[in-house]
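K.L.:
sharing a sequence plus its predicted fold:
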Amino acid sequence: MKSIKVAFFAVLFILLGMARYSQAQSFHLVKATCQRWAGGVAGHYGVNYYIELETSSPAIIPDTVWVDGKTYPINFTSKSGNELRKIDSVTHKITYSIWARESHMEVNPMMKGAGSDTAASGKPARSFEGAALVSYRLKHKQHFFTVKSFTQLPQLNYP
């Protein structure tokens, strides 16, 4: 009888551990695209990045994205930001949509001013191999997710 109890608790412990592990690993990439653009003011160009992530855990919250040496802070509570958090009422999956824009302007030596960029330059929190690094919080600890590559969309040319 004692061996049955020990076996039962061992199986229960393993199943609980697997559930926690699968919850921590349930953060995955749905889509990652980049699209070069040019136009508007003469010499204005850049890249639009879009990353869509999905998780089943409400405890996972992305906070920063690093792309091409630039830091893009994420704020899902801001109404004016380029981030969106959706919760599916049927599956209870949470989808995070993140837009980042790299913007440059060639400077005319006759005009005052400098080139612009919508992101801060910054070194990633850790080294990574891939196109982007996403930092997120889970149970008050920082974790990282690497976006291996972006799907390249056709260039946008504005008048």
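P.N.:
Done, it's in. Numbering: from 1, shown residues only.
K.L.:
I figured G40 hits M105, correct?
P.N.:
No - counting by C-beta atoms under 8 Å, G40 stays clear of M105, with 9.3 Å between them. Using the backbone N, CA and C atoms, a C-beta is placed for each residue, glycine as well.
K.L.:
who's more crowded, those two?
P.N.:
M105 (18 against 12; other C-beta atoms under 10 Å).
K.L.:
please report how far that one lies from V41.
P.N.:
Separation of M105 from V41 (C-beta to C-beta, to the nearest Å) stands at 7 Å.
K.L.:
all helices of this structure, in order?
P.N.:
Applying DSSP state H to the chain gives helices spanning 2-24.
K.L.:
residues contacting the residue nearest the centre of it?
P.N.:
Closest residue to the average C-alpha location of the chain: V134 at 4.5 Å, with C-alpha atoms, centre = their mean. Contact partners of V134, counting by C-beta atoms under 8 Å, 6 or more residues apart in numbering, are I51, L53, P62, T64, V65, I98, F144, F145, T146, V147.
K.L.:
give me the buried subset of those residues.
P.N.:
The neighbour count (16 or more other C-beta atoms under 10 Å) marks I51, L53, P62, T64, V65, I98, F145, V147 as buried among the contacts of V134.
K.L.:
quick check: the second one vs G69, distance?
P.N.:
Spelled out, it's L53. 21 Å.
K.L.:
which residues of the chain score low on pLDDT?
P.N.:
Within the chain, the stretches with pLDDT under 70 are 1-2, 5-26, 79-81, 107-121.
K.L.:
and the strands in it, which stretches?
P.N.:
28-38, 44-55, 61-67, 70-73, 83-87, 94-105, 120-121, 132-138, 141-147, 151-152, 156-157 (DSSP state E).
K.L.:
same for the last one, what does it pack against?
P.N.:
Under the contact criterion of 3 or more C-beta pairs under 8 Å, 6 or more residues apart in numbering; DSSP states H and E, strand 156-157 touches strand 28-38.
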